[in-house]
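K.L.:
no sequence for this one, just the structure:
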């Protein structure tokens, strides 16, 4: 096997030392404007099947441990975030319908959304303010972030589970199916339903769902 050239090594070192995922443009700028796409492709192939892999999430690149080794690392790196049922529903609606305003979120959920619910998602870094809709009142609109994609292992929103996958996982009930039909969306929210419900536990890597009794 031939030794990697200096550019490949430079890209590898840059990503290894980076504190956060980097876009192609950021890597190129850091390396004096070099064309780095070929080097990235070579590194992806080099790390394929290894314990550490180079992946692209939300158009940004970073190294991550192989998903099939998660059980070996769970104790050291598991990060648990607990979201209320309301926050989980809002996150799902933003992911499947973005950009979306608070009024549109409430129309889909059928109940008012507390300001604190969106604040939790903004603080978690999974939802961002995407601007204002050019309609009377110019409401703020929300969208997901690259951190949301990276946390759930998605390359883009196209990788979100479809309705058949959600139903097979037991995350849809007849009420949610009816809501999906009424909203006329390409995909339904991942979890919509009764406002008085539990709490969803989202952990790094594969998503673990658990409920506790509390009001959203």
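P.N.:
Structure received. Since we're looking at a predicted model, the values are computed, not measured. Numbering: from 1, shown residues only.

K.L.:
so residue 73 touches residue 65, yeah?
P.N.:
Yes - look at residue 73 against residue 65 with Cβ atoms under 8 Å: they come within range, at 5.9 Å. All C-beta spots, glycine's among them, are computed from the backbone N, C-alpha and C.

K.L.:
strands along the protein, start to end?
P.N.:
In the chain, the segments counted as strands under DSSP state E are 22-23, 52-57, 60-65, 80-84, 100-101, 127-132, 140-144, 199-203.

K.L.:
dump those to JSON lines, plus mean pLDDT, mean neighbour count and distance to residue 107.
P.N.:
What follows is the strands of the chain, written out as JSON lines (pLDDT from 0 to 100; neighbours: other Cβ atoms under 10 Å; distance: least, Cβ to Cβ, whole Å):
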{"stretch": "strand 22-23", "mean pLDDT": "94", "mean neighbour count": "16", "distance to residue 107": "34"}
{"stretch": "strand 52-57", "mean pLDDT": "92", "mean neighbour count": "17", "distance to residue 107": "30"}
{"stretch": "strand 60-65", "mean pLDDT": "92", "mean neighbour count": "17", "distance to residue 107": "32"}
{"stretch": "strand 80-84", "mean pLDDT": "71", "mean neighbour count": "16", "distance to residue 107": "20"}
{"stretch": "strand 100-101", "mean pLDDT": "90", "mean neighbour count": "20", "distance to residue 107": "9"}
{"stretch": "strand 127-132", "mean pLDDT": "91", "mean neighbour count": "16", "distance to residue 107": "18"}
{"stretch": "strand 140-144", "mean pLDDT": "92", "mean neighbour count": "19", "distance to residue 107": "14"}
{"stretch": "strand 199-203", "mean pLDDT": "41", "mean neighbour count": "19", "distance to residue 107": "22"}
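
K.L.:
can you redo the ones you listed as CSV with distance to residue 159?
P.N.:
Formatted as CSV, the strands of the chain follow (distance: least, Cβ to Cβ, whole Å):
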stretch, distance to residue 159
strand 22-23, 18
strand 52-57, 10
strand 60-65, 15
strand 80-84, 20
strand 100-101, 19
strand 127-132, 18
strand 140-144, 12
strand 199-203, 17
